[in-house]
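**Q** Quick one, structure for this:
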Amino acid sequence: MPAVFHFSIPMNDEQLLRYSRHILLDEIGIEGQQKLLASHVLIIGAGGLGSPVALYLGSAGVGRITVVDHDRVDATNLQRQIAHTVARIGEFKAESVLQAVAALNPDVKVIPVTQRADDALLDRLVGQADLVLDCTDNFSTRHAINRACVKHDKPLVSGAAIRFDGQITVYDPRSPDSPCYACIFPESDLPEETRCATMGVFAPLVGIVGTVQAAEALKLLCGIGTPLTGRLLMLDGRGMEWNEMKLSRNKACAVCGIEAAESPAA
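**A** Numbers count the residues shown, from 1 in each chain. As a prediction, this is how the structure comes out:
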């Protein structure tokens with residue numbers, strides 16, 4: 001899978017030291033780290049999943065990170081949303097993430113967006129990013145993110161977590177065999193919405209899922225390894241058991257199918 005960066009950025013001595021453990025990896029090296037520094041990712045959601053995603057991408061040196069979340073930090077978030085602190089209760093989560101990443105790596109530019117992720121905003125922001133990470137917790141926003149990623153041909157790293165169950169996959173419209181989110185979860189057949197506010201969530205679970213999302217994003221940005229495209233990775237946190245399901249593209253999909261591609265509105 002090719003990397004999604006546009007140009008390389010030379011590193012100074014301080015950066016060569018900071019990222020030395022990445023540079024020592026043959027698969028990444030100086031060239032791969034330069035790709036990360038030149039990359040721009042879009043994270044939708046700054047909660048349980050978005051926290052580890054932002055912290056790891058920031059510490060790894062992704063040059064620009066746009067974070068979208070219109071919610072504010074609440075005391076109930078602190079059980080699992082590790083980017084936030086007691087001192088930042090009441091602040092916008094996107095602004096809190098900016099502070100958390102800056103404390104780890106001031107070289108990274110974090111752009112907080114404290115608006116709801118509606119179609120218009122996503123259409124604008126997805127087109128500007130190299131890669132998108134869905135760290136949200138509701139189906140309507142997930143479908144809006146998916147539509148924007150298909151429209152703009154951007155890879156989407158998707159994660160979800162509830163109770164003790166997590167899942168991660170990559171939807172990549174650049175690959176003709178890759179399904180999109182709507183192929184697997186059609187908008188016309190949505191399951192009942194479940195939220196951690198009412199169902200609960202095991203605190204480390206969101207960290208595990210979010211960390212895997214960050215790993216998949218870094219692999220895609222560097223063009224290394226085999227991404228989770230076409231594979232749904234599922235975790236049962238009770239027994240700490242991983243299972244994998246193969247995913248196929250739905251040619252009749254309303255978003256990425258043949259008819260959708262041929263539609264004048266596509």
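
**Q** CA only for contacts and neighbour counts going forward, please
**A** Will do.

**Q** mind checking how far residue 125 is from residue 115?
**A** 12 Å (C-alpha to C-alpha, to the nearest Å).

**Q** More neighbours: those two, which one.
**A** residue 125 (17 against 12; other C-alpha atoms under 10 Å).

**Q** For the chain, give me the ranges with low pLDDT.
**A** Applying pLDDT under 70 to the chain flags the ranges 1-8, 190-198, 259-266.

**Q** How are the helices of it distributed by residue range?
**A** For the chain, the helices defined by DSSP state H occupy 13-18, 20-23, 29-37, 50-60, 93-104, 119-128, 139-152, 181-184, 196-199, 203-222, 258-262.

**Q** Residue 162: which of the ones you listed is closest?
**A** The closest of those to residue 162 is helix 196-199. By C-alpha to C-alpha, the value is 6.0 Å.

**Q** With adjacent residues omitted, what lies nearest to residue 30?
**A** residue 23 (5.3 Å; C-alpha to C-alpha, 6 or more residues apart in numbering).

**Q** and the one you found, what does it touch?
**A** Applying C-alpha atoms under 8 Å, 6 or more residues apart in numbering to residue 23 gives the contacts 16, 29, 30, 32, 33.

**Q** Closest one of the residues you listed to residue 170?
**A** residue 32 (20.1 Å).

**Q** what about the closest one, distance to residue 88?
**A** 34 Å.

**Q** Which of the two has more residues huddled nearby?
**A** residue 32 (24 against 17).

**Q** Would you agree that one is in contact with residue 222?
**A** Yes - using C-alpha atoms under 8 Å as the test, residue 32 is close enough to residue 222 to be in contact (5.2 Å).

**Q** okay, now residue 91: neighbour count?
**A** 14.

**Q** before we move on, the earlier item: would you list the helices of the chain in TSV and tack on distance to residue 78?
**A** Shown next, in TSV, are those (distance: least, C-alpha to C-alpha, whole Å):
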stretch	distance to residue 78
helix 13-18	29
helix 20-23	30
helix 29-37	29
helix 50-60	11
helix 93-104	11
helix 119-128	27
helix 139-152	23
helix 181-184	29
helix 196-199	13
helix 203-222	9
helix 258-262	42
